[in-house]
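Asker: kindly return the folded structure for what I paste below:
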Amino acid sequence: MSVVEKVESVTQSQAAEDYPLSAVPLSARKPIWSLAPLLMGFALVSTTLVAGGKIGSAVRFTDLIWIVLLGNLILGSYCAALGYIAYKSGLTTVLMARFSFGNFGSRWVDFILGFTQIGWYAVTNAFVADALTKLLGIPNSFTWVIIVLATFGFCITAYIGYTAMDWLSRLAVPAMLILIGLSLTIGLRDAGNLFALQPTQEMSFGAALAISIGTFISGGTQSTNWSRFADTGKNAVWSTLLAFFFINGLLTFTGAFCTLVYGTEDLIQAMAKQGLLLGGLILLILNVWTTQDNTIYAFSVAGTNFFRVTKRHAFVLGGATFALILALTGIYGQLINYLIFLGAVIPPVGGIIMADFWLRFRGRFPSLSAPLPGFNWAGVIAYVVASAIAYFTSQSGFGIGPLNGVIAAAILYVVLLKVIPQRSVAALTNNRTHW
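Answerer: Down below sits the predicted model:
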């Protein structure tokens, strides 16, 4: 086989697997009407409703509006900044991490991102099974059947790749928005004077803001898996804002609203009380599917980078099987606190990548073929310190933990780049990516 044939073979393999170890070429980029629904489907996740419910039970309605708007504006801006970098480079977060953490050091990023996603995949499938058995009156002995069907059913579109996830989201997202809008309309009728409703719990404005931002900042750090497919920078930014400002904000508000009006953050239960049980079941399936396929897709991308192989499909099936074991054995119930901990220490990765891209490489990453050190110690040290800051400020309620981690990581990384000897940037950037 000639050198040209080998290159073409590698390129075709990367394309078939959705470019897990290379930049997405301009020829494979997607318009906003393809990208936006996919990202919006990713952000339509039930855990955000629960987070909104915690806020709704503890603040007045006027404060709720400001918390949702401000919190999701911060979240959306963070995710949009990463989305623009993904568009410019064509790279996923785990591939960008090679420059920020080193060739070997980036494998820690693969691990925390991949394990977080597969853990939530298991937890969510178990949640779906539990919800369906309760809503439909199915005997608990059949729960395992639903878990198996959900585990492998929700990963079908992720296995096929971007195209299948795109079409699912184009159909599902409008349907979900219609159902949510219908439920909120009925809720407004049932609520009466929303401004007269009194909170039953106590929570500071800052703590509520932290919950609003923290709902999906971990997932948002990995939204580059899809924003790298954007055909323009403007489309990357707007698609990401639609997902993490509008959709995440809508779900936070909906969870809070349902708690205020119906005493439950579970939108599906609220819809059942409204006489919309069938609509609630449809919403549940679509809601979970459009998030779960993104979740297992993110795991597969992290896995390919960790092992430096292009077989993303194998990681989809392998990850689903591992998640099934976690769900069926009940281990997933012990994972939640650990996953929340990982959610606090993931955002600093985004802070370091942004600082690396804009301040070290001046807006253009080198080629992935550039020789890299095993560890970029500036990135590693900045990450460890910023993660500790994010975690302990989250626990103490001092500021917004995940946001503290992002800011601290970026500042520390820039300072450490000046202190710790680095390879010449010129040597790395002789062969840059070209968009």
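Asker: the spatially most central residue of the chain: helix or strand, and which one exactly?
Answerer: Nearest to the geometric centre of the chain sits residue 219, at 1.7 Å (Cα atoms, centre = their mean). Assigned by DSSP states H and E, residue 219 belongs to helix 217-221.
Asker: chain center to that helix, what's the gap?
Answerer: Centroid separation for helix 217-221 versus its chain: 4 Å, with Cα atoms, centre = their mean, to the nearest Å.
Asker: before we move on, the earlier item: surely the residue nearest to the centre of the chain touches residue 42?
Answerer: Yes - counting by Cβ atoms under 8 Å, residue 42 is a contact partner of residue 219 at 6.9 Å. C-beta coordinates here come from the backbone N, C-alpha and C atoms, glycine included.
Asker: can you list the weak-confidence ranges in the stretch 151-300 of the chain?
Answerer: Counting by pLDDT under 70, the stretch 151-300 of the chain contains no low-confidence segment.
Asker: for it, which segments count as strands?
Answerer: Under the criterion DSSP state E, counting those that start in this stretch, the stretch 151-300 of the chain carries no strands.
Asker: could you pull out the helices for it?
Answerer: 156-160, 162-191, 205-214, 217-221, 224-227, 233-241, 248-262, 267-273, 277-307 (DSSP state H, counting those that start in this stretch).
Asker: deepest in the core, which of the ones you listed is it.
Answerer: Highest mean neighbour count of the helices of the stretch 151-300 of the chain: helix 224-227, a mean of 28 (counted as mean count of other Cβ atoms under 10 Å).
Asker: can you name every helix or strand that that one contacts?
Answerer: helix 32-43, helix 61-89, helix 93-101, helix 233-241, helix 277-307 (3 or more Cβ pairs under 8 Å, 6 or more residues apart in numbering; DSSP states H and E).
Asker: need those helices in TSV (columns: distance to residue 410).
Answerer: Listed next are these as TSV, based on distance: least, Cβ to Cβ, whole Å:
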stretch	distance to residue 410
helix 32-43	23
helix 61-89	11
helix 93-101	11
helix 233-241	19
helix 277-307	22
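Asker: between those, which gets nearest to residue 353?
Answerer: helix 93-101 (4.9 Å; Cβ to Cβ).
Asker: so after the closest one, what's the next helix or strand?
Answerer: helix 106-136.
Asker: which elements pack onto that next one?
Answerer: Going by 3+ Cβ pairs under 8 Å, 6+ apart, helix 106-136 lies up against helix 46-56, helix 93-101, helix 143-153, helix 267-273, helix 277-307, helix 312-329, helix 332-345, helix 347-355.
Asker: try it again with 7 Å
Answerer: Contact analysis of helix 106-136 by 3 or more Cβ pairs under 7 Å, 6 or more residues apart in numbering; DSSP states H and E lists helix 93-101, helix 143-153, helix 267-273, helix 277-307, helix 312-329, helix 332-345 as its packing neighbours.
Asker: residues contacting the shortest one, please?
Answerer: Outside helix 267-273, the residues that touch it by Cβ atoms under 7 Å, 6 or more residues apart in numbering are 49, 131, 135, 183, 254, 258, 262, 264, 277, 279-280, 283-284.
Asker: and these as a markdown table, adding distance to residue 393?
Answerer: A markdown table is the format used below for the contacts of helix 267-273 (distance: Cβ to Cβ, whole Å):
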| residue | distance to residue 393 |
| --- | --- |
| 49 | 25 |
| 131 | 33 |
| 135 | 39 |
| 183 | 35 |
| 254 | 28 |
| 258 | 30 |
| 262 | 33 |
| 264 | 30 |
| 277 | 42 |
| 279 | 40 |
| 280 | 37 |
| 283 | 35 |
| 284 | 34 |
